[in-house]
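Asks: Give the three-dimensional model of this entry:
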Amino acid sequence: MRGLRDPREPATFAILVLAGFVVARFLAVALHEVVGHGLTTLALGGSFYGVYISPGSGFAYVLVPRGAPVAGSAAIALAGIAVEVAVGVLLLALYRRTRTFVGALFLLLVLEVLLVYPFVYLAIGAFGGTGGDSAQAASVLGAPHLVAGFLVVGLLWAIAFAYRISRAVVHLTGPASPPRRQLLYLALFWFTPLAIATVPALSLASSVSESLLRYFLSFLVIGGGVFAAASYVASRIGPAGRVRDSRPQGRATPMAVAFALVLPAWFVPFGPTDGTAHGLLLGEPPLEAEPQWATPLAVNVKAVLATDGNVSLEFRFKGVREPRSPLEARVVSSYEERAYFAYWSESAVLLASTITNVTSWSVASMGIESGGTAWIADRTVPRPRLVVLDVSRAEERARLLSESPPSFLTLLLRDPFQADPEATCRGCFLDEVNVTWPADAYVPLVIAERGGYAERLFGYDPGTGMSFVRFRNRSAEHPPSVYDLRLERLAPP
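Replies: Down below sits the predicted model:
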């Protein structure tokens, strides 16, 4: 870098800002995800099993222990911002000790990403739909009033630190310069990183959702306004005495070396974007984390009617979330041969009490059905989680089937997601409802669905002697709310 021109010249200054920001931002994201979210989760007894880091974005795969207090979950959500700010405040005290122009510029970039960006994120991320840490904390605590508090605190502190850093930039680049020149350097310092932190990250994202677009537009508008206002005020007031910074130019080699090291550290272990992230799995994903990767769900329910009139329910579940990156694919595939059955059995019992008018169900068996499939929309998925339930109280069996007259049976199955979608799962539905009965014991009289329509498949299995009807739904547009089956008994129980 011997041929490097004066770093106080605009073109060279912009190059240094670009390189220094990439390094500073990469370190800040690592601090946010690893030390903030990751280590805080471990300290509270949870699991930290994966991470992705880049100068544009990052995320940590963590599992909060079941039953953990909501305050702990909120602390994990806000820990990334808190750690960044704490380290930034400590480094702010070191600024006056920097001896060179290049060193001071790099430290100001570090302070930018540790003190200004986190507070802007605190403010913007408080809005619902952005997926921000502050919105998550407010949701976990059940305190929507915190949204306004996060917004006000975030904006005020972002403006305060942006003004403090802007004054330092003016002092560093030439306090006696004309206002236009001061604003030029301030624009290069703030808006070159702003563009790098938002526009490429948005264009390289694996999918541009409405929430992601809303977040980036908010960051451009609010963040840009914060930087512009602080820069303008700082350029008009300027540092006291308008004395030119006396630091020597310094060498850009350390910054260039750091930039050269960050690029392979970013591209090789993590991947260029979150959509191509192979990231780092720090260990096998915890079994208890499977529910995080199992939505939306394929839910199939099968009612098996026995000759004696008893009914058992078979639930087939399978997480069908499409991996958005190679890293997610590795996590999802880790659950093909194992399952968190405490979750699946609890889900089956809860659904059974809503699907039928019987509330007492017990788990008869559960396992991964290696040769079976579950139906989801217009395709089948292999290796579902199979949970078989029996009525646990004999007195409730009579409530499951209605007999009127005695030789006629009526079985009603309700879709639990259609009854109250806001309280259960918006957009969810039973993908398949399957009812089977002994062909030599019952004859179907009425097979119907209400509140919607589904495809029907009729059949007979000679191996088991069971007849069946399957209701299959391809989308959430018009799934039935009730499935009605009426049979005539051919033989006494």
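Asks: quick one, domains of this structure?
Replies: 10-281, 287-489 (automatic domain parsing).
Asks: How far does the shortest one stretch from one end to the other?
Replies: The first and final residues of domain 287-489 sit 45 Å from each other (Cα to Cα, to the nearest Å).
Asks: Quick check: mean pLDDT of that domain?
Replies: For domain 287-489, mean pLDDT rounds to 89.
Asks: re the thing from before, most tightly surrounded among the domains of the chain?
Replies: Most buried of these, by mean neighbour count (mean count of other Cβ atoms under 10 Å): domain 10-281, with a mean of 19. C-betas here are computed from N, CA, C, even on glycine.
Asks: Can you tell me which helices and strands the host helix or strand of residue 231 packs against?
Replies: Taking DSSP states H and E as the definition, residue 231 sits inside helix 224-237. Secondary-structure packing of helix 224-237 (3 or more Cβ pairs under 8 Å, 6 or more residues apart in numbering; DSSP states H and E): helix 146-173, helix 179-203.
Asks: Tell me the first helix or strand C-terminal of that helix.
Replies: Next along from helix 224-237, by DSSP H and E: helix 253-267.
Asks: And for the helix or strand following that following helix, what's in contact with it?
Replies: Downstream of helix 253-267, the first helix or strand assigned by DSSP H and E is strand 280-281. Residues outside strand 280-281 that contact it (Cβ atoms under 8 Å, 6 or more residues apart in numbering) are 49-52, 269-270, 327, 330-331.
Asks: Just checking: what are the partner strands of strand 280-281?
Replies: strand 47-53 (antiparallel) (DSSP bridges).
Asks: Can I get whichever helix or strand comes after the partner strand in CSV? Just the C-alpha atoms.
Replies: Stepping forward along the backbone from strand 47-53, the first helix or strand reached (DSSP H and E) is strand 58-63. Output of strand 58-63 as CSV, limited to C-alpha atoms (Å, rounded to 0.1, in the frame of the first residue of the first chain):
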residue,chain,number,x,y,z
GLY,A,58,-26.3,-12.8,10.8
PHE,A,59,-28.3,-15.2,12.9
ALA,A,60,-27.8,-17.7,15.7
TYR,A,61,-29.6,-21.0,16.2
VAL,A,62,-30.4,-21.1,19.9
LEU,A,63,-32.8,-23.1,22.0
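Asks: angle of the helix or strand that strand 58-63 is followed by against helix 146-173?
Replies: Downstream of strand 58-63, the first helix or strand assigned by DSSP H and E is helix 70-92. Counting by axes from the mean of the first three to the mean of the last three Cα atoms, to 10 degrees, helix 70-92 lies at 10 degrees to helix 146-173.
Asks: can you list the weak-confidence ranges in the stretch 151-300 of the chain?
Replies: Residues of the stretch 151-300 of the chain meeting the criterion pLDDT under 70: 175, 195-220, 223, 235-246, 296.
Asks: Dump the helices and strands packed on helix 224-237 to TSV, plus distance to residue 93.
Replies: Formatted as TSV, the helices and strands packed on helix 224-237 follow (distance: least, Cβ to Cβ, whole Å):
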stretch	distance to residue 93
helix 146-173	12
helix 179-203	21
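Asks: Please identify which of those helices is closest to residue 487.
Replies: Residue 487 lies closest, by Cβ to Cβ, to one member of the helices and strands packed on helix 224-237: helix 146-173, at 54.5 Å.
Asks: Okay, and the residue nearest the centre of the chain sits in which element?
Replies: Centroid check for the chain by Cα atoms, centre = their mean gives residue 131 as the closest residue, at 7.2 Å. Secondary structure here is read from DSSP H and E; on that basis residue 131 sits in neither a helix nor a strand.
Asks: got the CA coordinates for stretch 362-371 in CSV?
Replies: Taking Å, rounded to 0.1, in the frame of the first residue of the first chain, the C-alpha atoms of stretch 362-371 are listed here in CSV:
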residue,chain,number,x,y,z
SER,A,362,-53.8,-41.8,26.0
VAL,A,363,-50.8,-42.6,23.8
ALA,A,364,-50.8,-46.3,22.8
SER,A,365,-47.7,-46.1,20.6
MET,A,366,-45.4,-43.7,18.8
GLY,A,367,-42.5,-43.9,16.5
ILE,A,368,-41.1,-42.9,13.1
GLU,A,369,-43.0,-44.7,10.4
SER,A,370,-40.0,-45.7,8.2
GLY,A,371,-42.1,-47.1,5.4
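Asks: Quick one: residues in contact with that stretch.
Replies: 312, 316, 337-339, 341, 344-345, 348-349, 383-392.
Asks: and these, which of them are in strands?
Replies: 312, 316, 385-391 (DSSP state E).
Asks: ok so, going back, show me which of the contacts of strand 280-281 is closest to residue 176.
Replies: Among those, and counting by Cβ to Cβ, the member closest to residue 176 is residue 270, at 44.0 Å.
Asks: Look up how far residue 134 lies from the closest one.
Replies: 25 Å (Cβ to Cβ, to the nearest Å).
Asks: next one: residue 437
Replies: Taking Cβ to Cβ, one finds residue 437 at 54 Å from residue 134.
Asks: For the ones in strands among the contacts of stretch 362-371, name the two members farthest from one another.
Replies: 385 and 391 (21.1 Å).
Asks: hang on, the earlier thing: got the ones in strands among the contacts of stretch 362-371 as CSV, with distance to residue 432 columns?
Replies: Output for these, formatted as CSV (distance: Cβ to Cβ, whole Å):
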residue, distance to residue 432
312, 17
316, 8
385, 15
386, 13
387, 15
388, 16
389, 17
390, 21
391, 22
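Asks: Can you pull the phi/psi pair for residue 417?
Replies: phi -80, psi -20 (degrees, to the nearest 10).
Asks: SS state for the residue nearest to it when sequence neighbours are not counted?
Replies: Excluding the flanking residues, the one nearest residue 417 by Cβ to Cβ, 6 or more residues apart in numbering is residue 428, at 4.2 Å. Secondary structure, DSSP: H, G, I helix; E, B strand; the rest coil: residue 428 is coil.
Asks: Thought residue 298 was touching residue 428, still the case?
Replies: No. Between residue 428 and residue 298 no contact is recorded; they are 10.3 Å apart, counting by Cβ atoms under 8 Å.
Asks: and which of the ones in strands among the contacts of stretch 362-371 is nearest to residue 157?
Replies: residue 385 (47.0 Å).
Asks: Regarding stretch 86-102, how distant is the last residue from the first?
Replies: End-to-end for stretch 86-102, by Cα to Cα: 24 Å.
Asks: thinking residue 39 is in contact with residue 46, fair?
Replies: No. Residue 39 is beyond contact range of residue 46, at 10.4 Å (criterion: Cβ under 8 Å).
Asks: State the next helix or strand along the chain beyond the helix or strand where residue 16 lies.
Replies: Secondary structure from DSSP H and E places residue 16 in helix 10-30. The C-terminal neighbour of helix 10-30 among helices and strands, as given by DSSP H and E, is helix 39-43.
Asks: which helices and strands does that following helix pack with?
Replies: Looks like helix 39-43 contacts strand 47-53, strand 58-63, helix 70-92 (3+ Cβ pairs under 8 Å, 6+ apart).
Asks: then it to PDB, C-alphas only?
Replies: Only the C-alpha atoms of helix 39-43 are listed here, as PDB (Å, rounded to 0.1, in the frame of the first residue of the first chain):
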ATOM      1  CA  LEU A  39     -23.400 -17.200  25.100                       C
ATOM      2  CA  THR A  40     -26.300 -15.600  26.900                       C
ATOM      3  CA  THR A  41     -28.400 -18.600  25.900                       C
ATOM      4  CA  LEU A  42     -25.700 -21.000  27.200                       C
ATOM      5  CA  ALA A  43     -25.500 -19.000  30.400                       C
END
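Asks: Thanks a lot, catch you later.
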